[in-house]
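Engineer: no letters, just coordinates:
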């Protein structure tokens, strides 16, 4: 089935079986293996990408559902030639061990920070009508869809805070 | 995943027509629950009708001071809506207590209501489950049933409904707007959407085949405080063991029944002057446990009065 998705700023024409998830289309069809397949059921967050700027689990969506959409993967965020400042913060803060969850953590964190900028609430938000401050509790709650089995959570929190402009 | 054909609906009327004319068709919107189940071949539709881009993603004020929430709104957008946050905080609290940020960004209001149970026997295709394979038996009855229901169960099924959002909607007395395959729109109370399991736990709602949820209609907020409380095994991104939504004098419980459970006996007791503890005791007269889930009765007994007090500004 034909579908066209703008991936990292470039329109990509695909011809895929309707069963193909967005994650498999990115990895297997387009060769963008930065997005990772962990659980393949939306529980681990390793497949997180930005869909029209909003973070989603790419394993729980079909490629054919995204005709005309814009997807940003970790390859579009930054790479060896030009690291995104959040990637640099992950390096500086030692925010990973094996690195498998890292692309999802970074895409999720970028989406999460946009949600905070738009003042979206979380279950840690006591005052639903006030301005949200990115406390550690808020940050951890908002990142709970991304699992790190090496348990680098303290460093991940530090890296995101460092990038977001707060002292770690 | 079993093979299927796919189409994108151009209109709500086109969607319900296609659904009624195509054997074994299903609507897909966010897909976060359906695709999970399709990968496990618990769901195996022959045809998917993508309704995700239908123009049903608005949140509008209604003439009577309520809100009409289109069924294709994402959970995140509903939770973040300024009108929902200020007038229906219990709804925002319930939504952000469910799933993860990524899931809430994709999951829709309509899909959230129609998500399937998380009962382990429903998910394990090697085990009996009357909901997955009618007539195969219920593995949970005498099995691992820590997460099972305590209200409205049957000998065929003790599964729970997994939605947090629906519990708040039940407490708020929301209406469900639908479009039937014949093109007729109807609105009915959310408490009439989901069924108790009875002898047919595989039939989970009163929707007719091909009927599409188009909106949720909130009446004006009830007088009195609102709060959503959820108890679970870990602090975030976990299904509830017991949850409760309080909205004025209305009380709904989550994770304790096959549907959002409106605690009408407790409400009646409260209205006639009973204490919160006496009120929930009246509701628990009809609770039944199956072994591992017995703790839920005590959890309800302790959680609900605390939530009522919190909603009324009497401590947390």
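Structural biologist: Received the coordinates, thanks. This is a predicted model, so every value here is computed, not measured. Numbering: from 1, shown residues only, chains lettered A, B, ... in the order given.
Engineer: residue B:276 contacts residue B:309, doesn't it?
Structural biologist: Yes - counting by C-beta atoms under 8 Å, residue B:309 is a contact partner of residue B:276 at 6.4 Å. Just so you know, the C-beta spots here come from the backbone N, C-alpha and C atoms, and that holds for glycine as well.
Engineer: between the two, which is the more surrounded one?
Structural biologist: Applying other C-beta atoms under 10 Å in any protein chain shown to residue B:276 and residue B:309 shows that residue B:276 carries more neighbours, namely 21 against 17.
Engineer: what sits closest to the more buried one if chain neighbours are left out?
Structural biologist: Excluding the flanking residues, the one nearest residue B:276 by C-beta to C-beta, 6 or more residues apart in numbering or on different chains is residue B:305, at 3.6 Å.
Engineer: distance of the one you found from residue B:263?
Structural biologist: 12 Å (C-beta to C-beta, to the nearest Å).
Engineer: now residue B:158
Structural biologist: Distance from residue B:158 to residue B:263, by C-beta to C-beta: 19 Å.
Engineer: what does residue B:288 give?
Structural biologist: Distance from residue B:288 to residue B:263, by C-beta to C-beta: 15 Å.
Engineer: these two: which has the busier surroundings?
Structural biologist: Set residue B:288 next to residue B:263 and count neighbours by other C-beta under 10 Å: residue B:263 wins out with 27 against 13.
Engineer: picking up where we left off before, A helix includes the residue nearest to residue B:276, no?
Structural biologist: Yes - applying DSSP: H, G, I helix; E, B strand; the rest coil, one finds residue B:305 inside a helix.
Engineer: surely it touches residue B:281?
Structural biologist: No - using C-beta under 8 Å, residue B:305 is not in contact with residue B:281, being 9.5 Å away.
Engineer: re the thing from before, need the contact list for the residue nearest to residue B:276.
Structural biologist: B:275-277, B:279-280 (C-beta atoms under 8 Å, 6 or more residues apart in numbering or on different chains).
Engineer: do stretch B:64-72 and chain A meet at all?
Structural biologist: No - residues of stretch B:64-72 are not located near chain A by C-beta under 8 Å from any C-beta of the partner chain, the shortest gap being 12.7 Å.
Engineer: can you tell me what sits against that stretch?
Structural biologist: By C-beta under 8 Å, 6+ apart, stretch B:64-72 touches B:29, B:51-62, B:78, B:83-84, B:87-88, B:108-110, B:177, B:212-220.
Engineer: list the buried residues of that stretch.
Structural biologist: B:66-72 (16 or more other C-beta atoms under 10 Å in any protein chain shown).
Engineer: for stretch B:200-218, same thing?
Structural biologist: For stretch B:200-218, by 16+ other C-beta under 10 Å, it's B:201, B:204, B:207, B:210-218.
Engineer: swap in stretch B:294-314?
Structural biologist: For stretch B:294-314, by 16+ other C-beta under 10 Å, it's B:296-297, B:299-301, B:303-311.
Engineer: same check on stretch A:63-77?
Structural biologist: In stretch A:63-77, counting by 16+ other C-beta under 10 Å, buried: A:63-66, A:69-77.
Engineer: in a markdown table, list these along with distance to residue A:43.
Structural biologist: Output for the buried residues of stretch A:63-77, formatted as a markdown table (distance: C-beta to C-beta, whole Å):
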| residue | distance to residue A:43 |
| --- | --- |
| A:63 | 21 |
| A:64 | 23 |
| A:65 | 20 |
| A:66 | 21 |
| A:69 | 23 |
| A:70 | 26 |
| A:71 | 21 |
| A:72 | 22 |
| A:73 | 20 |
| A:74 | 19 |
| A:75 | 24 |
| A:76 | 24 |
| A:77 | 23 |
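Engineer: what average pLDDT does stretch B:83-99 get?
Structural biologist: Averaged across stretch B:83-99, the pLDDT comes to 98.
Engineer: where's residue B:243 relative to residue B:282, distance?
Structural biologist: Applying C-beta to C-beta to residue B:243 and residue B:282 gives a distance of 20 Å.
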